[in-house]
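> How does the following fold in three dimensions:
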Amino acid sequence: MDAPRKFEKPPARPSSRSPEGCLAVAIRVPVRIVVLVLVVPVRLVWDGLVVGGRFLYRTVLRPLARAVFVWPWVALWRYVVVPLAKALGRLTDLLVLVPLVWLYRYVFTPVGHGLAWVARQVGGGLAWLYARVLTPVGHACAWVVNGVAAGVAWLGRYLLVVPAGWLHAWILTPIGHAVAWCGRGVMWLVRAVGTGIGLVLYWAARILLVLPAIALWRWVLTPVGRVLAVVGRELRDALGHAWRIAGHISLAVGRVLGTLFRWIFVEPVSWVYRTLLTPVGHVVRDLVLRPAAEAAHAVGRITRQVLAAARESARQARADFRRMVFGEPRQPEPVELREPMSDDTRTLGRSTTVLTKD
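You can find the predicted model right below:
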């Protein structure tokens, strides 16, 4: 069994950021101070606009959007489009689907069955014609064509193929070999001349273009790019740092303004509501509103009782007038619900019926 291995700390990953130089340290502090001074007002204005925008969205824009855009479309869909679509569906069902189903069932189906029977009869006739007439004729034509093709092939072999093979083997092949050898020599000469010219152009381009470009990149553009990269990185970090600090400052200013607003407006209004308006409201409710409500309930109850009595008197007067004009209504005659006792029917005391008695 292998011995347990000790826990080894993984090697630290090399930092992707190079060590800071004196240029970065010299640029960082003034850039951050200037950026902070410029960013704080922008952050305060931004936070104020965000708070105002949220308040405006919650109190004005969202209700207005619902009233102007959502509710009309909902009402249009619910009370216009849906009933109209249902009516069109029913109308389509009555005017299109039902006639089509009737036409398919009582017209197209019988006609299709008749056409299918005719097609079966015609197909049977064509099959008999193919089996009894066309097949023997086709076999005879194929035998004649095969014989003619065999003769033409024999003539073509001995009149064209054999002479063409002799011509290719003894004339065209030697001429092709000679032409290929001459072409290889010309290509070697062209390749040698092109290689020399290419080497001359390569070294001329390297000396006149590549080496100056490498020197310009190594000794001019790379140092300038590094300086610009340091400046850009410090400016980016300064902007982020200043934006975060401005956020804290804006939060503190907002809290101070909120506290002042609560001290100046909210707490006095709350105190006036609790200490003045609430007791006055309770007094008005107990001394004025509640007795008035009880009186209104009593008046309503008396009014309902009077109206009920008036309706009952009117109903009795209409009933007396009908009896006086048309007389008493006819009473329904009582109906005997029990089974009549007779000799022709079955009784509980006997086991015979009309069908079984003698």
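> First-to-last residue distance for stretch 211-228?
Between the start and the finish of stretch 211-228 there is a gap of 25 Å, counting by CA to CA, to the nearest Å.
> which of the residues in that stretch are buried?
Within stretch 211-228, no residue counts as buried by 16 or more other CB atoms under 10 Å. For glycine as for every other residue, the C-beta is placed from the backbone atoms N, C-alpha and C.
> all helices for the stretch 51-200 of the chain, in order.
62-65, 71-76, 82-92, 98-103, 109-129, 135-156, 162-167, 173-205 (DSSP state H, counting those that start in this stretch).
> What is the shortest one packed up against?
By that I understand helix 62-65. Packing contacts for helix 62-65, counted by 3 or more CB pairs under 8 Å, 6 or more residues apart in numbering; DSSP states H and E, involve no helix or strand.
> And the helices in the stretch 201-350 of the chain?
211-216, 222-261, 267-272, 278-284, 290-326.
> And the ones you listed: which comes nearest Y130?
Closest approach to Y130 among the helices of the stretch 201-350 of the chain is made by helix 211-216 (83.4 Å; CB to CB).
> Please tell me how far the closest one is from the chain's geometric centre.
With CA atoms, centre = their mean, to the nearest Å as the basis, the distance from the averaged C-alpha position of helix 211-216 to the chain average is 56 Å.
> and the gap between the residue nearest the centre of the chain and F55?
Centroid check for the chain by CA atoms, centre = their mean gives V70 as the closest residue, at 19.9 Å. When distances are taken as CB to CB, to the nearest Å, V70 and F55 turn out to be 21 Å apart.
> got it, and V74?
With CB to CB as the criterion, V74 and F55 are 26 Å apart.
> what do you get for A317?
When distances are taken as CB to CB, A317 and F55 turn out to be 67 Å apart.
> Could you do A87 as well?
From A87 across to F55, the span is 46 Å (CB to CB).
> so where's the stretch 151-300 of the chain uncertain?
For the stretch 151-300 of the chain, not a single residue meets the criterion pLDDT under 70.
> if you set the cut-off to 80 instead, what comes out?
Within the stretch 151-300 of the chain, the ranges that satisfy pLDDT under 80 run 157-158.
> Number of residues surrounding I249?
16 (other CB atoms under 10 Å).
> what do you get for the one 10 residues further on?
By the measure other CB under 10 Å, the count of residues near T259 is 10.
> next one: R43
Applying other CB under 10 Å, we find 21 residues neighbouring R43.
> And the one 3 residues further on, by the same measure?
W46 has 15 neighbouring residues, counting by other CB under 10 Å.
> What of the one 4 residues further on?
Using other CB under 10 Å, V50 is surrounded by 11 other residues.
> What angle do helix 222-261 and the helix or strand containing it make with each other?
Under the criterion DSSP states H and E, the helix or strand holding V50 is helix 22-56. The directions of helix 22-56 and helix 222-261 differ by 40 degrees, with axes from the mean of the first three to the mean of the last three CA atoms, to 10 degrees as the criterion.
> Report the mean confidence score over helix 22-56.
Along helix 22-56, the predicted confidence averages to a pLDDT of 78.
> mind checking how far the residue nearest to the centre of the chain is from W166?
Taking CB to CB as the criterion, V70 is separated from W166 by 94 Å.
> Redo the helices of the stretch 51-200 of the chain as JSON lines? Include distance to V266 and mean neighbour count.
Putting these into JSON lines (distance: least, CB to CB, whole Å; neighbours: other CB atoms under 10 Å) gives the following:
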{"stretch": "helix 62-65", "distance to V266": "24", "mean neighbour count": "11"}
{"stretch": "helix 71-76", "distance to V266": "34", "mean neighbour count": "11"}
{"stretch": "helix 82-92", "distance to V266": "48", "mean neighbour count": "10"}
{"stretch": "helix 98-103", "distance to V266": "71", "mean neighbour count": "10"}
{"stretch": "helix 109-129", "distance to V266": "83", "mean neighbour count": "10"}
{"stretch": "helix 135-156", "distance to V266": "108", "mean neighbour count": "10"}
{"stretch": "helix 162-167", "distance to V266": "113", "mean neighbour count": "10"}
{"stretch": "helix 173-205", "distance to V266": "81", "mean neighbour count": "10"}
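> closest to D237 out of the ones you listed?
Sorting the helices of the stretch 51-200 of the chain by CB to CB, the top spot, which is the nearest, belongs to helix 62-65 at 38.8 Å.
> Tell me how far the closest one lies from the chain's centre.
Using CA atoms, centre = their mean, the mean C-alpha position of helix 62-65 is found 25 Å from that of the whole chain.
> which outside residues touch that helix?
Outside of helix 62-65, no residue comes within contact range by CB atoms under 8 Å, 6 or more residues apart in numbering.
> Using PDB, write out every CA atom in it.
This file holds the C-alpha atoms of helix 62-65, laid out as PDB (Å, rounded to 0.1, in the frame of the first residue of the first chain):
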ATOM      1  CA  ARG A  62     -46.800  53.200 -14.800                       C
ATOM      2  CA  PRO A  63     -50.500  54.100 -14.000                       C
ATOM      3  CA  LEU A  64     -50.600  56.300 -17.100                       C
ATOM      4  CA  ALA A  65     -49.200  53.500 -19.300                       C
END
